[in-house]
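Trainee: Got a sequence here, can you model it:
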Amino acid sequence: MLRLAVGIAVSCLFLSPAQAAEPQYAIFAGGCFWCVESDFDDVSGVLETISGYAGGKTENPTYADYAKGGHREVVRIKFDPDKVSYAELVGVLFHTTDPTDGGGQFCDRGFSYTTAIYALTEPQAMQAKAEKIKAEAELGRPIATPVEGPATFWPAEDRHQDFAARNPIRYWYYRNGCGRNRAVEALWGERAYAGVSH
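Mentor: Take a look at the predicted model:
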């Protein structure tokens with residue numbers, strides 16, 4: 001019996017600890033990428049955000065020509081699935097935008113500023129569609145945000161990365177002047193910015 005106990009104890013010493021889940025990625029369009037990046041930076045479990053362009057037909061788009069190429073402003077989000085789920089991130093996207101607006105977001109109009117979810121896998125697509133149904137039930141109106149398939153992500157220029165953190169005064173005047181917070185709060189009420197720590 002003692003030999004068995006010692007054997008179990010020794011074998012336990014060599015068991016590897018549970019491995020952390022591999023980081024995953026999400027690509028969302030929510031209007032101005034400065035704002036989307038800033039909001040998701042304040043979500044627990046998000047490891048990194050990068051502003052960029054996606055969904056168009058041209059390669060290597062720049063801020064000067066991305067709209068002509070059919071791209072949207074997007075943010076690629078790297079996250080820890082042990083701390084925040086993809087479905088929760090989709091919920092954050094909805095509750096930090098006006099997903100009922102199919103013509104742009106707030107003061108920024110046109111296709112390049114419309115909301116969209118670029119699902120990178122079939123499970124992501126299924127979760128996004130389920131969250132969309134929940135959001136429609138919560139608001140009592142249709143959600144205009146499409147759930148699209150994978151798209152190539154093109155990082156934006158360095159000057160657009162971490163814009164809110166590097167240019168807080170200019171960013172505040174832009175966001176306030178665009179009416180983003182007021183519109184989101186009017187639409188969602190107490191649920192506005194659900195999941196965001198700011």
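
Trainee: residue contacts, the residue nearest to the spatial centre of the chain?
Mentor: Relative to the mean C-alpha position of the chain, the nearest C-alpha, by C-alpha atoms, centre = their mean, is the one of residue 28, at 4.7 Å. For residue 28, the contacting residues are 36, 40, 74, 75, 77, 89, 90, 93, 115, 116, 117, 118, by C-beta atoms under 8 Å, 6 or more residues apart in numbering. All C-beta atoms are positioned from the backbone trio N, CA, C, and that covers glycine.

Trainee: show me where pLDDT drops low in this structure?
Mentor: Applying pLDDT under 70 to the chain flags the ranges 1-18.

Trainee: let's go with 80 and repeat that
Mentor: 1-20, 198 (pLDDT under 80).

Trainee: what are the ranges of the strands in it?
Mentor: The residue ranges that make up the strands of the chain, judged by DSSP state E, are 24-30, 46-54, 72-79, 104-105, 108-109, 115-118, 147-148, 154-155.

Trainee: and residue 191, what is it in contact with?
Mentor: Taking C-beta under 8 Å, 6+ apart, one finds 95, 138 in contact with residue 191.

Trainee: try 10 Å this time
Mentor: Residues touching residue 191, when contacts are defined by C-beta atoms under 10 Å, 6 or more residues apart in numbering, comprise 91, 94, 95, 135, 138, 139, 184, 185.
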